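Engineer: next come a sequence and a model predicted from it.
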Amino acid sequence: MTFTLDGVSMDFQGNYGDAVHRARPSRARSALAVRIGGAILPLGAIPREGDTAATVTYQDTEGRRVYERTLRFVFILAIARLFPEMLVRLEHSFGHGIYVHIHGGAPLTCRMIGAIEREMRAIVESDLPFTEVALPREEAIEYFKSRGQIDRARLLRNSTRPSCTLVECIGHREHRAGVTAPSTGYVGVFSLMLYLPGMMLQMPDPEHPERVAPFRDLPKLMQTYAESVRWASILDCSNVDDLNAMLKRGKLREFVRVNEALHEKSINRIAEQYYESGARVILIAGPSSSGKTTFANRLAIALRVMGLRPMKLSLDDYYIDRERIPLDEHGERDYERLDTLDVPLFNEHLARLLQSDQVETAIFDFRRGERRAETSPLHIGQEQPIIIEGIHGLNDALTVEIARNMKYKVYISALTTLNLDEYSRIRTTDARLLLRMARDFHFRGTPPERTLSMWPSVRRGEETYIFPFQEQADVMFNSSLVYEMTILKTHVYPMLTAVTPDHPQYALAERLAHFLSYFLTAQIEDEIPPNSILREFIGGGCFEREGSAHE
């Protein structure tokens, strides 16, 4: 059989996994899976005649997911061996780690954490193989019920598939949420640390996967997560089955109203905190598809209720001409860089506005990719707040000439608190990608494949220009709505399932479609208020109608 491996034509009769090891003996363990066409498959998958295959490593996004999936199994296996009474919940990413919440068993101690890590390393050293077991759905449900994994059993109950695939290792089975490495010996780089009220499972450094990523404490982000978990408790909704059960009982409309009310309460509190700060400039930053624009509009309304007259200053009008934007390492223009903005002109205008001087603001023409010759006069009163929204808002280099006490910084992100079950989290980045797909398609006519292809570049920009500054915020706002996946499924699921296996983004589309399949579809969009952050992505919002000749 002839196939292409990492760009090299190979003749091989037998097992593909052996071919990988023979082709790259010095880095055999770095190959976690294989990409054949657009699909991510186990390392032992055999390509068809003429297929192009590539090994998947930790440097690849999907490779990191394979590694995490495998390490998570090792962690759960160690817990089951040492502390079977301990109830754990893998909640959310935290830098390059995963925060694990504990809600059962004895209080956590450093000695317990050390014992769990030693057991994990023993499991890794044993190099135990993973096997896949296909079971009828009802049999799988009974298996998880017998082990006390009620959330997992309920999750499968909502599946429409007659059978499901489990991953097994020395008699312990977990639901297959995607490809794992061939054996436990592939995930030897990790650390476990006490981080009350839970623990932190640290992953390898993406740039240097041979060592554990350094831990960086993010207390403000952790506090925001904790508040969001408290919201989930108020809403009595932690897992997908909780949401589905609400829909079945006819309680989802009320749930939407309460969820939106919590958002409104949080925005009003931020407006009050800003008022007490004595600042003049409100800087709003956050990653892609976090709802920054709608948040800025709603915050402006909350400030008007307090008797203030906020004015929004658009960073978009301070872009330099497109032809002057530097190229990145891929030869493409990097629109995420701070120097794509005319920072000196922006600072000059902002300083003059704060002194009630009139300025002639620029007008950027996005169709032509250059600044227009004409300008727009702008003047504000002495006490008017200025709202500035953009990805560089928390970076002081953007407003270098403005004193810190004049600035109030808001970091906004969609921090998903909903899990599939106790062991399977929904990634915040996945939720934002689904939101962006819906928005790009509805408002920009962008095909879903294009949005999926752009996402790695977007994520690189976030890692460089947004996340390093998040702890500088005066306040953080979680823009995620717990009910949003039931609505997004209607908009996005058909797009994802239409991506064909030969497309480079098929693996990503398939994974997103898989987790969306567990959500029941809710036809309740009429319940979503016009000022909801979700409207920024699915349409029908009041802010998108501003300036319309029909209003």
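Structural biologist: Sure, I can see it.
Engineer: which SS class is the most centrally placed residue in the chain?
Structural biologist: Most central in the chain under Cα atoms, centre = their mean is Thr429, positioned 1.3 Å from the mean C-alpha point. Look at Thr429: counting by DSSP: H, G, I helix; E, B strand; the rest coil, its state is helix.
Engineer: out of the helices and strands in this structure, which is least certain?
Structural biologist: helix 16-23 (a mean of 42; mean pLDDT, DSSP states H and E).
Engineer: could you list the domains of the chain?
Structural biologist: 2-57, 66-219, 236-284+400-545 (automatic domain parsing).
Engineer: what's around Glu374, how many residues?
Structural biologist: Residues lying near Glu374 (other Cβ atoms under 10 Å) number 8. Backbone N, C-alpha and C define where each C-beta goes, glycine included.
Engineer: contacting residues for it?
Structural biologist: Glu374 makes contacts with Ile363, as judged by Cβ atoms under 8 Å, 6 or more residues apart in numbering.
Engineer: assign a three-state SS to it, would you?
Structural biologist: Using three-state DSSP, the structure places Glu374 in coil.
Engineer: and the gap between it and Ala522?
Structural biologist: 47 Å (Cβ to Cβ, to the nearest Å).
Engineer: helices of the stretch 101-250 of the chain, residue ranges please.
Structural biologist: With helices called from DSSP state H, counting those that start in this stretch, the stretch 101-250 of the chain shows them at 110-126, 137-146, 150-157, 219-235, 240-248.
Engineer: and the residue nearest to the centre of the chain, what does it touch?
Structural biologist: When contacts are counted by Cβ under 8 Å, 6+ apart, Thr429 touches 93, 459.
Engineer: that one and Thr375: what is the separation?
Structural biologist: 39 Å.
Engineer: with Ala261 instead?
Structural biologist: From Ala261 to Thr375 the distance is 42 Å (Cβ to Cβ).
Engineer: same check on His491?
Structural biologist: 39 Å.
Engineer: neighbour count for the two, which is higher?
Structural biologist: Taking neighbours as other Cβ under 10 Å, His491 and Thr375 compare with His491 leading, 19 against 13.
Engineer: which element is that one on?
Structural biologist: helix 484-497 (DSSP states H and E).
Engineer: what of Glu264?
Structural biologist: Under the assignment here (DSSP H and E), Glu264 is part of helix 252-277.
Engineer: now that helix against helix 240-248, angle please.
Structural biologist: 120 degrees (axes from the mean of the first three to the mean of the last three Cα atoms, to 10 degrees).
Engineer: report the buried residues of helix 252-277.
Structural biologist: Residues 252, 255-256, 259-260, 262-263, 266-268, 270-271, 274-275 are the ones in helix 252-277 that count as buried (16 or more other Cβ atoms under 10 Å).
Engineer: tell me the one among those nearest to Asp328.
Structural biologist: Nearest to Asp328, judged by Cβ to Cβ, of the buried residues of helix 252-277 is Ile270 at 34.5 Å.
Engineer: find the nearest non-adjacent residue to the closest one, please.
Structural biologist: Val475 (5.4 Å; Cβ to Cβ, 6 or more residues apart in numbering).
Engineer: now do that neighbour against Arg304, distance only.
Structural biologist: 19 Å.
Engineer: more neighbours: those two, which one.
Structural biologist: Neighbour totals were compared for Val475 and Arg304, and Val475 leads with 17 against 12 (other Cβ under 10 Å).
Engineer: I figured that one hits Leu299, correct?
Structural biologist: No: taking contacts as Cβ atoms under 8 Å, Val475 lies outside contact range of Leu299: 10.7 Å.
Engineer: can you give me the first-to-last residue distance of stretch 463-476?
Structural biologist: Taking Cα to Cα, to the nearest Å, stretch 463-476 runs 18 Å from one end to the other.
Engineer: I would like the residues contacting it, please.
Structural biologist: 218-221, 223-224, 270, 273, 277, 285-287, 336-338, 391-392, 394-396, 408-413.
Engineer: what do you get for stretch 535-542?
Structural biologist: 289, 291, 293-294, 435-436, 438-439, 442-443, 487-488, 491, 525, 528-532, 543-544.
Engineer: mark which of these are buried, thanks.
Structural biologist: Applying 16+ other Cβ under 10 Å to the contacts of stretch 535-542 flags 289, 291, 293-294, 435-436, 438-439, 487-488, 491, 528-529, 531-532, 543-544 as buried.
Engineer: if we can go back for a sec, quick one: which of the buried residues of helix 252-277 is nearest to Ser517?
Structural biologist: Among the buried residues of helix 252-277, and counting by Cβ to Cβ, the member closest to Ser517 is Leu252, at 18.4 Å.
Engineer: contacting residues for the closest one?
Structural biologist: So Leu252 contacts 243, 246, 483, 486, 522, 524 (Cβ under 8 Å, 6+ apart).
Engineer: and if you look at Leu345?
Structural biologist: 318, 362.
Engineer: that's a helix at it, yeah?
Structural biologist: Yes: per three-state DSSP, Leu345 lies within a helix segment.
Engineer: just put the helices of the stretch 101-250 of the chain in a markdown table and tack on mean neighbour count, mean pLDDT and distance to Gln59.
Structural biologist: Shown next, in a markdown table, are the helices of the stretch 101-250 of the chain (neighbours: other Cβ atoms under 10 Å; pLDDT from 0 to 100; distance: least, Cβ to Cβ, whole Å):
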| stretch | mean neighbour count | mean pLDDT | distance to Gln59 |
| --- | --- | --- | --- |
| helix 110-126 | 16 | 96 | 20 |
| helix 137-146 | 16 | 90 | 34 |
| helix 150-157 | 19 | 85 | 31 |
| helix 219-235 | 16 | 84 | 25 |
| helix 240-248 | 20 | 92 | 31 |
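Engineer: pLDDT value on the closest residue to Asp205 other than its chain neighbours, please?
Structural biologist: Among residues not flanking Asp205 along the chain, Ala213 sits closest, at 4.0 Å (Cβ to Cβ, 6+ apart). As predicted, Ala213 sits at a pLDDT of 94.
Engineer: separation between Ala213 and Thr429?
Structural biologist: 16 Å.
Engineer: low-confidence ranges in the protein?
Structural biologist: 1-29, 330-331, 545-551 (pLDDT under 70).
Engineer: how about Val88: what's its closest non-neighbour residue?
Structural biologist: Val100 (5.5 Å).
Engineer: ok, Met203 next?
Structural biologist: His96 (5.0 Å).
Engineer: so Thr180 makes contact with Val167?
Structural biologist: Yes: between Thr180 and Val167 a contact is recorded at 5.7 Å, counting by Cβ under 8 Å.
Engineer: out of the two, which sits in the more crowded spot?
Structural biologist: Thr180 (27 against 20).
Engineer: what about the residue nearest to the more buried one when sequence neighbours are not counted, which helix or strand?
Structural biologist: Distance criterion Cβ to Cβ, 6+ apart; nearest residue to Thr180, sequence neighbours excluded, is Thr70 at 4.6 Å. Per DSSP H and E: Thr70 is located in helix 61-82.
Engineer: what's the angle from that helix to helix 110-126?
Structural biologist: Using the same axes, to 10 degrees: helix 61-82 against helix 110-126 is 120 degrees.
Engineer: now helix 61-82, how far from the centre of its chain.
Structural biologist: 19 Å (Cα atoms, centre = their mean, to the nearest Å).
Engineer: following element in sequence after that helix, please.
Structural biologist: strand 88-94.
Engineer: how close does the residue nearest to Ala78 when sequence neighbours are not counted get to Ser126?
Structural biologist: Distance criterion Cβ to Cβ, 6+ apart; nearest residue to Ala78, sequence neighbours excluded, is Glu119 at 4.0 Å. Using Cβ to Cβ, Glu119 is found at 11 Å from Ser126.
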